[in-house]
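Visitor: Turn this into a structure:
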Amino acid sequence: MLTPFFIQAARSPGRQQTFRRAVVAHLGVLGGGLWAVSAAGASYEAATLLGPLLLVAGIVEGAVLLGWRLTQLPRSQALEFLLVSPLHPRRVFLAEALVGLARLALVTLAGLPVLAVLVAPGLLRPSMLLPLLVPPLTWGAITGLGLVVWAYEPAQVRRWGERVLLVLIVVYLGAGVLGAERLVAWGSRLPSGLTAFLAGRVDAFFDYNPFAVVRDCHRHGLEATWPVAAGVELWSLAVLALLAVRASSRLLGHFHDRHYLPAVDRSAGARRRVDDRPLAWWAVKRVSQYSGRINLWLAGGFGVLYALYTVAGPLWPDWLGKGVFVLCDGVGGIPAVTTGLVLLAAVPAAFQYGLWDSSAQDRCRRLELLLLTRLDAHDYWEAAAAAAWRRGRGYFFVALLLWGAAVVAGRASALQAAGALAAGMLLWCLYFALGFRAFSRGVQANGLGLLLTLALPLAAYLSERSDLGLLTPLLPPGSVYAAAARGPGPLWCLGPIITSAAALAIGRVALARCEPELRRWYEKHHGRKLMT
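Guide: Numbering: from 1, shown residues only. I've put the predicted structure just below:
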C-alpha cells in the first residue's frame, strides 16, 4: 500500500524541487554553524552553537516538509476519490505522513557529512552525533503533525484551544518571565507540599526538554546523560504517536467540514462590507482563518513586559524577576529582539504562494475565473499586500513599542529608532516584492522564504560576531539591528539604499510582468496530466 505513495512523491516535480531546496537550506544553515564553530575552536562552543541551531532548523523543516503538505491535502476535492476507495482514510493519512517523515529524515541526514567534518579535528565527539540528529528529527515531526492536528480540528475546538493557550501564556509570562528567579521566594508563602510539587514541575520543565538534553549531552557526555535523553525521546515519540492518531482520525471529518459543511455566520456583529477592492477583501478574509493569534499573544506579552522593564530601569520592583530580561540584554537586547520581530512580520510577505492556492490544480481553477475579470496587476498587488500586512502587522507594532521604550529609557536615540523603523519597513517591502514576484511566476517560494527569513539573518549574525561586522548593515536584517544598536552612519546608509533600490526594481518588474506571467502559467498548466 505504501509503495504508490512513495513513488508518487519521488516523481512529483514540485515535491522534488521542495526537497532539493530543503536540503540546500539545511546544508547552508549547517555550513554557517560550521564556520562559527571553526572560529570558536572548542568542543563546548561547538556543542553550544550547533545544538540549538539544528533543533530550530529541524522544527522549521518539519513544518515545511510535513506540516504544509498534510494541512493542504484536504483542500483538494481530488482527495475524495481516495477517501471512497477501499483504502481507509486513516491509512491514507499515515501513508502520506510516512512519506513526509522519510523526506524529513533524509534532509536531517544530509547534514551528517558536515558534522563528521567536526569530528575529525576533535571539535565534536563522535558520541555527540546521535543527539545532534535524533532530537531535531523527532521535534520536526512533532511540529509538523502538531500543525496538522490544529488545522484539522473543528473551528469550535480551535476557539476553545486558543482560550486555553491564552491562559497558559499568561501563566508563562507571570511565572516564567516575571517570576523566573523569584519562584522560590513566592513559593515560600505557599504550603510546603504544594511548593515542593510546583518546584518539581518547574525543574522538570527546564531539565526534560530537547534543548536541555542536547546541552547536557555535550556538557557531561552521552554516557552520563543517556537515561534522561532516552526518557525525553520516549515521551517525545509518545506525543508524536498521539498526534498521528488524532490527525488520522480527523482527516475525513476535516475534509467534510471544508467541502460540505454549510458556512454559517454565528457572529452577532455586522460583517465587514465588500468594498471596491473585492480581491483584497477576499485575501484578508482567507488569511484570517488561521491568523496565528497565539504566537502574536506570546510575542506581544513578552514585548510589553520587556518594554516596561526597559523604561523602569533601576526602578523595576525587586519582588519581580528580571533574569530573562538580563539574558535578553546580554544577547543583543532590544536591537536583536526587534530584528526578530520585524522578520516575523515579514514572513507572510515572503511566503505568498499558499496565500492564494495550495496546489497547481486549485491555482488553475481560481485563475480560470480571475483572468476573465477586469482585474489587473495592481489588484493582485494590493490584495497580496493587504493579506501579508494583516498577518504580520502585530509583530511590527510590538517592535515599534520596544523602539519607543528604548528611546524613553535613554538606551537609544530618536535617530536610532527612526533608522531601525525605516530599515524594518524597507526589509518588509523587499521581502514582499520578492514574494509577489514568486507568486506571479507560479513558484512555490519555500526555498526563497527560508533564504530570506533564516539564511540572511544567520549571515547577518555571523558577520556581526566575526571581523566582518562592518558588512552587517549591507544585509536587510543586519541594517535593522545595526541602526538600533549603533545608530545610522555613512556605511549603514548603504544598506537601506541597496534594499530600497532592489525592492523598487523587483516591484516594478513584478507589476509589469504579473498578468502576462499569470496567463502564461495558466496556459502551460491547464489540462496537464497530473500523474504519468
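Visitor: give the contact list for Phe206.
Guide: Ala212 (C-beta atoms under 8 Å, 6 or more residues apart in numbering). Backbone N, C-alpha and C define where each C-beta goes, glycine included.
Visitor: could you point out which element follows the host helix or strand of it?
Guide: According to DSSP states H and E, Phe206 maps onto helix 192-207. Of the helices and strands lying after helix 192-207 in sequence (DSSP H and E), the nearest is helix 210-220.
Visitor: Check which helices and strands the lengthiest helix in the chain sits against.
Guide: If you go by DSSP state H, the chain has its longest helix at helix 222-259. Judged by 3 or more C-beta pairs under 8 Å, 6 or more residues apart in numbering; DSSP states H and E, helix 222-259 is in contact with helix 79-83, helix 89-109, helix 129-152, helix 210-220.
Visitor: Next, the angle from it to helix 89-109.
Guide: The directions of helix 222-259 and helix 89-109 differ by 140 degrees, with axes from the mean of the first three to the mean of the last three C-alpha atoms, to 10 degrees as the criterion.
Visitor: Identify the residues contacting the helix or strand just after helix 222-259?
Guide: Under the assignment DSSP H and E, the closest C-terminal helix or strand after helix 222-259 is helix 278-287. For helix 278-287, the surrounding residues in contact (C-beta under 8 Å, 6+ apart) are 272, 274-275, 348, 355-356, 370, 375, 379-380, 382-384, 386-387, 390-391.
Visitor: centre of the chain versus whichever strand or helix holds Val326, how much separation?
Guide: Here Val326, judged by DSSP H and E, is contained in helix 323-330. For helix 323-330, the distance from its own C-alpha centre to the chain's C-alpha centre is 23 Å (C-alpha atoms, centre = their mean, to the nearest Å).
Visitor: Average pLDDT for whatever helix or strand comes next after that helix, rounded please.
Guide: Sequence order places helix 333-350 as the next helix or strand after helix 323-330, per DSSP H and E. Mean pLDDT, taken over the full extent of helix 333-350, equals 91.
Visitor: before we move on, back to that, inside strands: which ones of the contacts of helix 278-287?
Guide: Among those, no member falls in strands (DSSP state E).
Visitor: how far away is Val398 from Ala405?
Guide: When distances are taken as C-beta to C-beta, to the nearest Å, Val398 and Ala405 turn out to be 11 Å apart.
Visitor: Could you do Thr499 as well?
Guide: Using C-beta to C-beta, which is the criterion applied here, Thr499 is 25 Å from Ala405.
Visitor: Pull out the buried residues from the contacts of helix 278-287.
Guide: Burial by neighbour count, judged by 16 or more other C-beta atoms under 10 Å, picks out Pro348, Leu355, Trp356, Leu375, Asp379, Tyr380, Ala383, Ala384, Ala386, Ala387, Arg390, Arg391 from the contacts of helix 278-287.
Visitor: pLDDT-wise, what's the bottom of these?
Guide: The member of these with the lowest pLDDT is Leu355, at 64.
Visitor: In contact with Thr310, which residues?
Guide: Applying C-beta under 8 Å, 6+ apart, one finds that Thr310 lies in contact with Phe325, Ile334, Leu402, Ala405, Ala406, Val408, Ala409, Arg411.
Visitor: Out of these, which is nearest to Val84?
Guide: Within the set of the contacts of Thr310, Leu402 lies nearest Val84; the separation is 53.2 Å, counting by C-beta to C-beta.
Visitor: neighbours of that closest one, just the number please.
Guide: 24 (other C-beta atoms under 10 Å).
Visitor: tell me the SS of it?
Guide: When classified by DSSP: H, G, I helix; E, B strand; the rest coil, Leu402 comes out as helix.
Visitor: pretty sure it is in contact with Leu308, am I right?
Guide: No. The pair Leu402 and Leu308 fails to qualify as a contact (C-beta atoms under 8 Å) at a distance of 10.7 Å.
Visitor: Counting neighbours, what do you get for Leu450?
Guide: The tally of other residues near Leu450 (other C-beta under 10 Å) stands at 24.
Visitor: Name the nearest residue to it, ignoring sequence neighbours.
Guide: Computed as C-beta to C-beta, 6 or more residues apart in numbering, the closest residue to Leu450 that is not its neighbour in sequence is Ala25, at 4.5 Å.
Visitor: what's near enough to touch the one you found?
Guide: Ala25 makes contact with Glu61, Gly447, Leu450, Leu451, Leu454, Ala455, according to C-beta under 8 Å, 6+ apart.
Visitor: Give me the neighbour count for Arg90.
Guide: Arg90 has 16 neighbours, counted by other C-beta under 10 Å.
Visitor: any idea which helix or strand of this protein has the worst average confidence?
Guide: Across the helices and strands of the chain, mean confidence by mean pLDDT, DSSP states H and E is lowest for helix 183-187: a mean of 62.
Visitor: Neighbour count for Val398 and Ala405, which is higher?
Guide: Val398 (25 against 22).
Visitor: Tabulate the CA atom coordinates of the helix or strand hosting Arg163 in PDB.
Guide: Here Arg163 is covered by helix 155-171, with elements defined by DSSP H and E. As requested, the backbone C-alpha atoms of helix 155-171 are provided in PDB (Å, rounded to 0.1, in the frame of the first residue of the first chain):
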ATOM      1  CA  ALA A 155     -13.500  25.600  14.500                       C
ATOM      2  CA  GLN A 156     -15.100  25.300  17.900                       C
ATOM      3  CA  VAL A 157     -12.300  23.200  19.200                       C
ATOM      4  CA  ARG A 158      -9.700  25.700  17.900                       C
ATOM      5  CA  ARG A 159     -11.500  28.600  19.600                       C
ATOM      6  CA  TRP A 160     -11.500  26.800  22.900                       C
ATOM      7  CA  GLY A 161      -7.900  25.800  22.400                       C
ATOM      8  CA  GLU A 162      -6.900  29.400  21.800                       C
ATOM      9  CA  ARG A 163      -8.600  30.300  25.100                       C
ATOM     10  CA  VAL A 164      -6.700  27.600  27.000                       C
ATOM     11  CA  LEU A 165      -3.400  28.600  25.400                       C
ATOM     12  CA  LEU A 166      -4.100  32.200  26.200                       C
ATOM     13  CA  VAL A 167      -4.400  31.300  29.900                       C
ATOM     14  CA  LEU A 168      -1.200  29.200  29.600                       C
ATOM     15  CA  ILE A 169       0.600  32.200  28.000                       C
ATOM     16  CA  VAL A 170      -0.400  34.400  30.900                       C
ATOM     17  CA  VAL A 171       0.800  31.800  33.400                       C
END
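Visitor: got the buried residues for it?
Guide: When neighbours are counted by 16+ other C-beta under 10 Å, the buried residues of helix 155-171 are found to be Ile169.
Visitor: picking up where we left off before, how about the longest helix of the chain: buried residues?
Guide: When neighbours are counted by 16+ other C-beta under 10 Å, the buried residues of helix 222-259 are found to be 222, 225-226, 228-229, 232-233, 236, 239-240, 243-244, 247-248, 250-252, 254-255.
Visitor: Just the terminal-to-terminal distance for stretch 302-322.
Guide: Separation of the first and last residues of stretch 302-322 by C-alpha to C-alpha, to the nearest Å is 12 Å.
Visitor: re the thing from before, okay, and which of the contacts of Ala25 map to strands?
Guide: Secondary structure from DSSP E places none of those in strands.
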